[in-house]
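# I'd like to go over a predicted model; first the sequence, then the structure.
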Amino acid sequence: MTAHTNDLPPHPSTNLGDQAMAAPAALASARPQRVAASPDVPPVGLAAVVRIDSRVSTAPARTSAAQFRRRRLIAILAVVTLVFLGAMTARAAGASPTQPDPIVGGHAVVEPGMTLWDVAVANAPADEDVRAYLHDLRQLNGIGGDVAAWAVVALPPR
């Protein structure tokens, strides 16, 4: 005989009588059951809890039509932007100027008190008329009037 010092019932494995046969049935009823999610609890993560015929499913949540249209619009805008940037880059890399750069024979600095005439006299070749050289100097630099002091002017080639 076994004497128990506490008031707890004996463990099922110690009883070899009818209780041993009843133990599996008692344990089966004590197993946790699957419980459906409460309608008050929002779905967690990407999977939404869907109740279908009293069964619980963890199928992925479907995207709405509006969300699908937004994603499609963003993808189209991204592709258009990439194509535009690629075209601009290709155009800039292979672009040739519409007008060739004017050929320059050098540069001169207009010092305070100097005029374009003084620059033309100082830089014109000896065999060329200073007035023709001054005309070329004005055309090359796009100057119609006076020149500011310390301005750098391009000299026509000779």
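Cool, got the structure.
# what about H107, how many neighbours?
For H107, the number of neighbouring residues by other C-beta atoms under 10 Å comes to 10. Where you see a C-beta, it was placed from the backbone N, CA and C, and this is true even at glycine.
# Repeat that for V130.
Neighbours of V130 under the rule other C-beta under 10 Å: 15.
# Where do the strands of this structure begin and end?
50-52, 55-57, 106-110, 151-155 (DSSP state E).
# buried residues in the third one?
Going back to what we said before, that points to strand 106-110. For strand 106-110, burial by neighbour count (16 or more other C-beta atoms under 10 Å) applies to A108, V110.
# who touches that strand?
Residues outside strand 106-110 that contact it (C-beta atoms under 8 Å, 6 or more residues apart in numbering): 116, 119, 122-123, 147-155.
# switch to 6 Å and redo it
For strand 106-110, contacts defined as C-beta atoms under 6 Å, 6 or more residues apart in numbering pick out V119, N123, V147, A151, V152, V153, A154, L155.
# Could you do the last one as well?
Residues external to strand 151-155 that are found in contact with it (C-beta under 6 Å, 6+ apart): V104, G105, G106, H107, A108, V109, V110, N123, L140, N141.
# What pairs with that strand, parallel or antiparallel?
strand 106-110 (antiparallel) (DSSP bridges).
# could you give me the average pLDDT of the strand it pairs with?
Confidence for strand 106-110, expressed as mean pLDDT, is 90.
# Give the rounded mean pLDDT of the helix ranked longest in the chain.
Using DSSP state H to define each element, the chain has its longest helix at helix 65-94. In this model, helix 65-94 has a mean pLDDT of 89.
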